[in-house]
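J.: Provided below for reference: sequence and predicted model.
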Amino acid sequence: MTGREAQLTYSDIQPLMHDETGRRTKARKIIRVVQHVLGRADLTGLRALDIGCSTGYITDEVRRAGATVVGVDIDVAGLAAARARQPAGITWLSADGSALPIADASFDLVVFNQIYEHVVDPQAVMTEIRRVLVPGGIVYLGLGNRLTIIEPHVRLPFASWLPAGLADRYVRVFGRADRYHERFRTRPGLQQLARGLHVLDYTWTAVAEPARFGAEDVVGGALRRLPWQALRLLAPIVPTYLWVGSPTQLTPAGGPCVSPPRPVRTPPIG
């Protein structure tokens, strides 16, 4: 994905990126959260940037929702697969997310979904996101939690908890990879990553109303039978945070929720 030449090759993430059903399901969640924040029935007229688009399924769903979209990645093979479909309304751009060849204040919406752990310098990418957003624009942040129990890439318990050297040996012992490349953060580290933005946490908003927010994939197995209030007790180990940020103050315009999105404290820049 974007900005990760030193870490991953396309073959490492190809199965995930070619899971069309899974990627489009994630896209529906992204779109519904964005629609709620903005109080919109669709994304018509918005200019959107999908950072780390790879094969472009999420990018395409954002286009279908009405936006004019640019998909950015350094994943040459993934972009080739995306270009092969080449729907109108999408521009595919081979570029590093930490140095975007894009003018300031160019986009109303940026999608940065489950990418930061692959990126060499995620803070540099966030600096670029702030730069290319219009003053009232928003960024959707799907952020993996280091303290999740089952690591989502190698599917081993506690892999993301371990120091780099131990994690490398762990994944080799179980034959999952030669090295453990991902670098997840805990919630305080993610708050630092989102510094300079006003952020709302939609994680439990989506969990409380999965059908409304297209979040049926967030909670699986036996946990689906638990009320969302009980699930919230698992907040320290939630696999992914669903955050929306903006350079300006955010007030959701989409009406009341069972579990309203809550502000996230983020430090100022500097």
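T.: Yep, that arrived.
J.: domain-wise, how is this structure divided?
T.: Per automatic domain parsing, the domain ranges recorded for the chain read 10-145+184-260, 149-183.
J.: now do the first one: distance to the chain's middle.
T.: Translated: domain 10-145+184-260. Its chain's C-alpha centre and that of domain 10-145+184-260 lie 4 Å apart, by Cα atoms, centre = their mean, to the nearest Å.
J.: now the shortest one
T.: Averaging C-alpha positions (Cα atoms, centre = their mean) puts domain 149-183 21 Å from its chain's average.
J.: quick check: buried residues in it?
T.: Neighbour-count burial for domain 149-183 flags 151-154, 156, 159-162, 167-168, 170-171, 177, 180-183 (criterion: 16 or more other Cβ atoms under 10 Å). The way it works is simple: take the backbone N, C-alpha and C, and place the C-beta from them, glycine included.
J.: can you tell me which of the residues you listed end up in helices?
T.: Using DSSP state H, 167-168, 170-171 are the members of the buried residues of domain 149-183 that sit in helices.
J.: from those, which is closest to Ile90?
T.: Ile90 has its nearest neighbour among those in Val171, at 34.8 Å by Cβ to Cβ.
J.: I figured that closest one hits Gly165, correct?
T.: No - with contact defined as Cβ atoms under 8 Å, Val171 does not count as touching Gly165 (11.4 Å).
J.: what residues are up against Ala97?
T.: For residue 97 the amino acid is Gly, not Ala. Residues near Gly97 by Cβ atoms under 8 Å, 6 or more residues apart in numbering: 2-3, 51-52, 72, 112, 115, 119, 125, 128.
J.: next one: Pro247
T.: 130, 133, 135-137, 196-198.
J.: how close does it sit to Leu200?
T.: Using Cβ to Cβ, to the nearest Å, Pro247 is found at 14 Å from Leu200.
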